[in-house]
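# just the structure for this:
(chains A, B and C)
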Amino acid sequence: MKLIEEGKISGSQFMWLLVTVVLPTAVLFIPALTIKEAGASAWISGGVVATFWGILVVWIASTLGERFPGMTLVDYSGQIIGKFGGKMIGAYYIFVLVHGIAVITRQFGEFLVTAFMPETPIIVFHIFLIALAASAVRNGVEVIARMNHFVVSLMFFSVLFIFSLVFGEWNFNNLLPILEEGIGPVIKGAFIPMSWRGQTVLLLIFMPYLNNYREARPAAYKAVVMLGIILAAEIIICLAVFGQLAANYVFPAHALASYISVGGFIERVEAFILALWVAGITMKVSIWYYSATVLMARTLNLQDYKPLVLPLGVIMLTWSMTLFDNIRQLVEWFNESGPAFFMSWEVVLPVLLLIMAVLRKKGGVKSGK
Amino acid sequence: MVSKRVVIIIALILVFFLPGCWSRTEVETLAIVTNIGIDTVEQDGHVKFLLTANIIRPPLAGGGTQGGGSGAGKPVYWRVASLGDTLSDAERNLNLRIPRRIFYGHLRFVVINEKVARKGLADIIDYLHRNMRIRPRVLLLLTPEKAFDTLIRQAELEPDLARMIDEMDRMALSRSSKAFIDDLAHTTGQLTASGIDPLVAGITPIESPPTEPEGKPVKVIRINRGGAFRVDKFVGWLDSDEVRGYLLGIGKAQSGPFSITLKPHSHKDVNIMMTRATGKIKVDTDGDEVTAVIEISAEGDLSEFHTTEEIATDEGMKILGQKFSDAIKTEVMKAVKKSKELKSDIFGFGAALHRDNPAEWKRFEKHWYEVLPRIKVTVKVTAYVRRTGMTAEPFKPE
Amino acid sequence: MYIIGLVIAFCGIILFEAPKLIKEKMWGELMAFSGLLLFGMVISSAAVLNIDVPNPTALIEMIFAPPTKLLTSFFE
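Numbers count the residues shown, from 1 in each chain, chains lettered A, B, ... in the order given. From the prediction side, this is the model:
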């Protein structure tokens, strides 16, 4: 039952960690993908459907986590389905996380190269991002949580800043008609935001670090709802400003930022916003990186996770360069195999573990603290 | 202590990389383009794009001290053009001639030749959107002459055309509402949405009498019309009154003078200055009939009165309001008529139907441009004249 | 050319981590560290030398593309 690390985090830090687990890349990619599928009703997909899904994911994950307070995912999986099974689950999550970081890094690199610095080799951004995240991971969960608290508030500010400064261009007629093609396209368009929202399942990794594990559930619900509000607002505003055209942009949020013009003097603010996004994505990668590393240390029964940081970084860096040939392949991958893949580790595995735990009467609620 | 030393060494190495960026471009190496013009030219049987750019003239070497007065004769910009098979090709071909990178970061407007627009805007819009430096807020303009010529016309009161167009865009709606310069994002949005077509501001090139003592006539531009599109192809012009009718209909008009006739005179004898207006379009269907209602409410002040009778009464204001709303109605109907004539759905009747009644829209969508001329449009105006300006009753010469 | 940079980078990582691990006799960690690093070395050198190695994304696509298709087909 011993943790890899002594760090402790508070309930609000936990909530902000979960927000960062999803938000930074979601802000960049979700509007275009969702609007493409669901058209003017995209905000229902991204805001409403995905939020309910997120609440479901959180319910499952925190019910599972609360049965085994203070234990890590690998440990209680071991108790539930045997030692070997536990290690297999650990290995699968490690793979998912490392692969996920490679994808996030690539998204980040593609964004910077497309929108800001077309002449820089993309690997330069990847190296700096992963090196920064590696240093954060070596400093431990407390440092990440505190830094994240600071960065995420700046990100919130930047997102609100963009939304409010284009208010002159809002045309809510673009949101009509609601549910034109019925509920089908809305659900279909919701798959990608759902996969993103489900990433909050990483709360399983961070629950053991909480001062009081009872704080996990409300904090996670709050995080999911907050994400729902932000993403729904973002999609609504993208639609209100650009209409269906938003689906043609690769990064609608960036287009929004570069569309800002207030009184002819607040213009060209996208570089300022970029700085905050870079910070946000660095935090997201740090959190995923940290999860992968401690999970691996626990799976291999190590005393210290720090020696694993750099080798894992090398793998992430290589994968970030080799997994996809071009940016559309990445997007297509999300569309074509994303939903089932994300579901497998966000919902299916936790549900199976939970059912097994209940059937085999493992864990269970003991005294309060 | 090994690790500490390693960290220090890495930090020292990083110092060499961190000050400055990889893709940096120093301002002295940039040719800052403020506006571009797009024409097509036939050459050896191929249609090629002619891309014209106005580039800000870099300060002349050593010109720092003399500066100001002596440089006043020269315009601040410099026109240059080049041919290419595609627009990107033409853009890079500019660099066969000029020693600086073409930089679009400060691009303010794009002028497109009418004939190019007749063939379709889609190619041009794609080029503009795909470029990371060009903002969605770049303004679009159409010109009947060659865009190449437009870009060398005299800017008035501002140092260059870019500033001039920018300022005109900012005040067009609040001064006369007779012109409206839309931006790239909106135009593209209307182009790609079904049931609504773009209206792009049009330039009329004119030769003005001398603007300074002992000067020569100058060639200037006037923004006084709008080019209507069907899907992405230019189909015809609206004059400035029709543009205002259009702006009133879609609710963009803000302010502007309306000259109306109160008494049967040979000339219009009253002017009402509109101060605010809103417009809304509602479309409904009845079998195969499509009906549209344009609801406009407006307010205005009396700004000129050429007759001598009493007007500063409640009754008088009501009469003026009635006349004012008739004038608005006429103008909107003129624009609607033009839209039907050109079969260009600039008002977005289709989009309004789509919004209000998606099922019916499905039925009409396929042959919308045949339906468009048959739409029964009614314009409902509620207009009030609120104030009479600084004088109440007119001055009576006795 | 790139391979030299890669070798330098790997030497750096080993020098950074390994001595401490050996000194503190953390053999488990050392094993994990070397295993991971070896894997990293293989895939990164393969990438630099333009050798195709099996791609995990293709694997994910193989396993998860059919169920995704099934899922989305409900909402056509």
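# what residue ranges in the stretch 151-300 of chain B score low on pLDDT?
Residues of the stretch 151-300 of chain B meeting the criterion pLDDT under 70: B:265.
# which positions in it make contact with chain A?
B:Asp166, B:Arg170, B:Ala185, B:Thr188, B:Gly189, B:Thr192, B:Ala193 (Cβ under 8 Å from any Cβ of the partner chain). C-betas here are computed from N, CA, C, even on glycine.
# distance of the last one relative to B:Leu184?
Counting by Cβ to Cβ, to the nearest Å, the separation of B:Ala193 from B:Leu184 is 15 Å.
# neighbour count winner among those two?
Taking neighbours as other Cβ atoms under 10 Å in any protein chain shown, B:Ala193 and B:Leu184 compare with B:Leu184 leading, 22 against 18.
# measure whatever residue of chain C ends up closest to chain B to chain A for me?
Nearest residue of chain C to chain B (Cβ to the nearest Cβ) works out as C:Phe16 at 5.8 Å. According to Cβ to the nearest Cβ, to the nearest Å, C:Phe16 stands 7 Å off from chain A.
# next: B:Asn95.
Taking Cβ to the nearest Cβ, one finds B:Asn95 at 15 Å from chain A.
# would you confirm that that residue contacts B:Ile102?
Yes: look at B:Asn95 against B:Ile102 with Cβ atoms under 8 Å: they come within range, at 6.6 Å.
# the more surrounded of those two?
B:Ile102 (21 against 13).
# and that one, what helix or strand is that in?
Per DSSP states H and E, B:Ile102 falls inside strand B:101-103.
# so which other helices or strands are in contact with that strand?
Using 3 or more Cβ pairs under 8 Å, 6 or more residues apart in numbering or on different chains; DSSP states H and E, the elements in contact with strand B:101-103 are strand B:30-43.
# following the strand or helix carrying B:Arg225, which helix or strand comes up?
Element membership for B:Arg225 (DSSP H and E) is strand B:218-230. The first helix or strand that comes after strand B:218-230 along the chain, using DSSP H and E, is strand B:233-239.
# give me the contacts around that following strand.
For strand B:233-239, contacts defined as Cβ atoms under 8 Å, 6 or more residues apart in numbering or on different chains pick out B:114, B:117-121, B:142, B:199-200, B:202, B:224-229, B:246, B:335, B:338, B:341-344, B:346.
# up against chain B, what does chain A have?
Residues of chain A lying near chain B (Cβ under 8 Å from any Cβ): A:114-121, A:124, A:173, A:176-177, A:180, A:241-245, A:248, A:255, A:258-259, A:261, A:264, A:268.
# of the residues you listed, buried ones?
Using 16 or more other Cβ atoms under 10 Å in any protein chain shown as the burial test, the residues of chain A next to chain B include A:115-117, A:120, A:124, A:177, A:180, A:241-245, A:248, A:255, A:258-259, A:261 as buried.
# contact partners of stretch B:138-149?
Contact with stretch B:138-149 is made by B:37-39, B:50, B:52, B:81, B:107-114, B:117, B:128, B:150, B:165-166, B:169, B:181-184, B:187, B:200-205, B:221, B:223, B:227, B:234, as judged by Cβ under 8 Å, 6+ apart.
# among the residues you listed, which are located in helices?
With helices defined by DSSP state H, the entries of the contacts of stretch B:138-149 inside them are B:Glu114, B:Ala117, B:Leu128, B:Thr150, B:Ile165, B:Asp166, B:Asp169, B:Leu184, B:Thr187.
# who in chain C is up against chain B?
Residues of chain C lying close to chain B by Cβ under 8 Å from any Cβ are C:Gly12, C:Leu15, C:Phe16, C:Pro19, C:Lys20.
# now those residues in TSV, with secondary structure and neighbour count?
Output for the residues of chain C next to chain B, formatted as TSV (DSSP: H, G, I helix; E, B strand; the rest coil; neighbours: other Cβ atoms under 10 Å in any protein chain shown):
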residue	secondary structure	neighbour count
C:Gly12	helix	14
C:Leu15	helix	12
C:Phe16	helix	16
C:Pro19	helix	12
C:Lys20	helix	16
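# could you dump the residues you listed to a markdown table with pLDDT?
Shown next, in a markdown table, are the residues of chain C next to chain B (pLDDT from 0 to 100):
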| residue | pLDDT |
| --- | --- |
| C:Gly12 | 87 |
| C:Leu15 | 86 |
| C:Phe16 | 85 |
| C:Pro19 | 83 |
| C:Lys20 | 83 |
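# how about the helices in the stretch 101-250 of chain A?
Secondary structure of the stretch 101-250 of chain A (DSSP state H, counting those that start in this stretch): helices located at A:122-139, A:141-165, A:184-197, A:203-206, A:216-242.
# do chain B as well
Residue ranges of the helices in chain B, as given by DSSP H, are B:2-17, B:87-93, B:114-119, B:122-130, B:147-150, B:161-175, B:184-192, B:240-250, B:314-342, B:349-356, B:358-365, B:368-371.
# where in chain A is pLDDT low?
Along chain A, segments meeting pLDDT under 70 span A:1-5, A:364-369.
# alongside chain C, which residues does it contribute?
Counting by Cβ under 8 Å from any Cβ, chain A sits next to chain C at A:95, A:99, A:183-185, A:187-188, A:191, A:296-297, A:300-304, A:306-308, A:310-312, A:314-315, A:317-319, A:321-324, A:333, A:336-341, A:344.
# rewinding a little: tell me which of the helices of chain B lies nearest to A:Phe272.
Closest approach to A:Phe272 among those (Cβ to Cβ): helix B:184-192, 20.4 Å.
# chain center to that closest one: distance?
Distance, stretch centre to chain centre, for helix B:184-192: 12 Å (Cα atoms, centre = their mean, to the nearest Å).
# repeat that for stretch C:16-23.
With Cα atoms, centre = their mean as the basis, stretch C:16-23 stands 21 Å off its chain's centre.
# so what touches it?
A:Lys306, A:Pro307, A:Leu310, B:Val2, B:Ser3, B:Val6, C:Glu29, C:Leu30, C:Phe33.
# from these, pick the one nearest B:Arg133.
Closest to B:Arg133 out of the contacts of stretch C:16-23 is A:Leu310 (37.8 Å), distances taken as Cβ to Cβ.
# quick check, the residue in the stretch 1-150 of chain A closest to chain C?
Going by Cβ to the nearest Cβ, chain C is nearest to A:His99 of the stretch 1-150 of chain A, at 5.7 Å.
# I meant to write the stretch 151-300 of chain B there.
Nearest residue of the stretch 151-300 of chain B to chain C (Cβ to the nearest Cβ) works out as B:Ser194 at 21.4 Å.
# which residues does that residue contact?
Contacts of B:Ser194 (Cβ under 8 Å, 6+ apart): B:Gly350, B:Ala351, B:His354, B:Glu365, B:Trp368.
# same question, A:Gly85
Shown in contact with A:Gly85 (Cβ under 8 Å, 6+ apart): A:Ser77, A:Gly78.
# what helix or strand is it on?
With DSSP H and E as the test, A:Gly85 turns up in helix A:73-115.
# what's the neighbour count on A:Glu110?
Per other Cβ under 10 Å, the neighbour tally for A:Glu110 reads 21.
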